[in-house]
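Here is my input; please provide its structure:
(chains A, B, C and D)
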2 protein chains.
Amino acid sequence: MARIPASERRSALVEAALRVVSRRGIAQATTRAIVAEAGMSLASFHYAFDSRDELIDELIATVVAREQQAVIPDLVPGQDLRQILESGLLRYLEHLKADPDHEQAMLELTQYALRSPERHPLAVAQYRRYAELAVHSLEIAAEAAAATWRAPVEEVAHVLVAFTDGLTLTWLVDRDDAAARAVARAAADALARMADDR
Amino acid sequence: MARIPASERRSALVEAALRVVSRRGIAQATTRAIVAEAGMSLASFHYAFDSRDELIDELIATVVAREQQAVIPDLVPGQDLRQILESGLLRYLEHLKADPDHEQAMLELTQYALRSPERHPLAVAQYRRYAELAVHSLEIAAEAAAATWRAPVEEVAHVLVAFTDGLTLTWLVDRDDAAARAVARAAADALARMADDR
DNA sequence: GTGCGACTGGGACGACCGTCCCACTTCGGT
DNA sequence: ACCGAAGTGGGACGGTCGTCCCAGTCGCAC
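Okay, the predicted model is just below:
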C-alpha cells in the first residue's frame, strides 16, 4: 500500500464512508466495510481516526459543509415567483432522482445524529445549512420576480426546507414522479403566497 | 415466568420492541434489549418468532395498521377550509410534541424498510395507510367547509402526507414550535388552494 | 548511510450480536 | 394419574463488531 499522510487518509476514509452509507445504509457502514471501500487496512483507519464515532461525526460535518445549492432556480425571464419556485423544486426532484441514495444517506445521517444528545447539534447544523441554502434561493427568486417576502426570509426558508424534506421522503418511498410533481406544485404555491408583488 | 401462549408472546414482544425502538432507536433494538423490555428470556423470543427480522416486519405491519387519525380536524362552525386544515395540522403538531419518540420511530422504521428490496413494500404500505388517513381528513374538511377538491382527493392526500413529513422532520431537528407553526400555516394555505368553494 | 518518526499489515482481543439446543416445568386431555 | 405437547430457562455457538497491539517498512533530515 502506498504511504499516505494521515490527513489524506482521513478524507479518503470519509469519502469511502459516504459511499458505503449511500449504498448500504449507516448500519452497514462498519469500520471493515469502510476500510474495504477505501482499499486500506483496519490499522490505517485507527491511525487516522480515534474511533468510528469520530469518523461518522466528520462525515456528517463534511457532507453538510459540502451540500450545494440543489434548488437554485434557473431564471427564465418573464416567469412569476410561483413558476420560478416550482421549477426550482422540480430541479431538486431531478437531482433526487439522479442520486436517490445520496439523499437517503443524508436523511439517515440526520436520524443517526438525532439519536444521541451529543450528536444532536450535528443535525441542527445540517438543517441550519439547508436553511441558509434555502434563504439564498428564495432571495434570488424574489429578486427575479420583483417580489418581497412578507415574512422574514429565514422563516420562509424553514418552510421550504420542510417541503423539500416531505418531497424527498414521499418520492423515496413511492418513486411516484407524478405525485412528487404535485407536491412540488403545491409547495411552490404555498411559498409564492408568502410574498407580495413589488 | 408465567406461561403464556405463543400468540400472546408475539404481541407482547411487538409492543416491547416498539418501546425499545422509540426510546433507543432501531439499531439498539436487539433481541436481548427487546426481551429484557418484555421481561422474558431469549428462548421465549425464538419460540414466538423465527427470527428478529420476522419480529421487525410484524412490528412495522402492526404500527401501520394501528396508525390513527392524527390530523382529524376538530370542526368549529364557521371556519373556512384553510382554517380547518391549519387547525388539523396544529393538532398533529401537538401530537408530535406529546410523543416525539413515536414519530421518530415511525420514520426510522420507514428508512429501515427502504434499505432492503424485500422490505420496501412495508414502507409503501405505511405510506398508503398515511394517504388513506389523509384522504379521510381531507374529505371531512372539505365537507365541513362546503368545498370541493379540484384534483382527485388521493392526489391532495399525497401532498398532505409530504407536508406532514416535512413538518415532523423539521420539528424533530429544531424543536422550534414557531417555525413548525409557520410550516403548518403555509401547508394549510397550499392545500386550501387546491379546492374550490362550493 | 543512518536513524527516527511516520505509516502499514495482520492478527488478536473482548464484547455483543442472532440463533440454537436441551433439560426442565407446566398444562390440558384422557 | 399420566402423558404428550406447549412453553421456559440458561448456557453455548459461531460470527461480526470496534478497537488495539506490535513487528515491520518506508521516506526524509542530517
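
Look at residue A:134 and say how many residues are nearby.
25 (other C-beta atoms under 10 Å in any protein chain shown). (C-beta placed from N, C-alpha, C; glycine too.)

which element is it on?
helix A:120-145 (DSSP states H and E).

list the buried ones in that helix?
A:122-127, A:129-131, A:133-135, A:137-138, A:140-142, A:144-145 (16 or more other C-beta atoms under 10 Å in any protein chain shown).

The residues you listed: which ones sit near chain B?
A:123, A:124, A:126, A:127 (C-beta under 8 Å from any C-beta of the partner chain).

Would you mind giving the residues you listed as a markdown table with pLDDT added?
Converted to a markdown table, those look like this (pLDDT from 0 to 100):
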| residue | pLDDT |
| --- | --- |
| A:123 | 98 |
| A:124 | 98 |
| A:126 | 97 |
| A:127 | 97 |
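
Format these as a markdown table; extra columns: distance to residue A:74.
Rendered in a markdown table, the data for these read as follows (distance: C-beta to C-beta, whole Å):
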| residue | distance to residue A:74 |
| --- | --- |
| A:123 | 30 |
| A:124 | 30 |
| A:126 | 25 |
| A:127 | 25 |
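
Closest to residue A:86 out of these?
Nearest to residue A:86 among these is residue A:127, at 23.0 Å by C-beta to C-beta.

list the contacts for that closest one?
A:110, A:161, B:170, B:173, B:174 (C-beta atoms under 8 Å, 6 or more residues apart in numbering or on different chains).

Please see if the helix or strand containing residue A:8 touches DNA strand D.
Using DSSP H and E, residue A:8 sits in helix A:6-24. No - using C-beta under 7 Å from any atom of the strand, helix A:6-24 never reaches DNA strand D; the gap is at least 9.9 Å.

What are the buried residues along the first helix or strand past that helix going along the chain?
Remark: after helix A:6-24, the chain's next helix or strand is helix A:31-38, criterion DSSP H and E. In terms of neighbour count (16+ other C-beta under 10 Å), helix A:31-38 has its buried residues at A:31, A:33, A:34, A:35, A:37, A:38.

Tell me the residues of chain A that contact DNA strand C?
A:1-6, A:9, A:40-44, A:47.

Could you work out the most separated pair of the residues you listed?
A:5 and A:42 (18.3 Å).

who has more neighbours, these two?
Ranked by neighbour count (other C-beta under 10 Å), residue A:5 and residue A:42 place residue A:42 first, with 12 against 8.

Just the pLDDT for the nearest residue to the more buried one once chain neighbours are set aside.
Of all residues not flanking residue A:42 in the chain, residue A:35 sits nearest, at 5.6 Å (C-beta to C-beta, 6 or more residues apart in numbering or on different chains). Looking at residue A:35, its pLDDT is 98.
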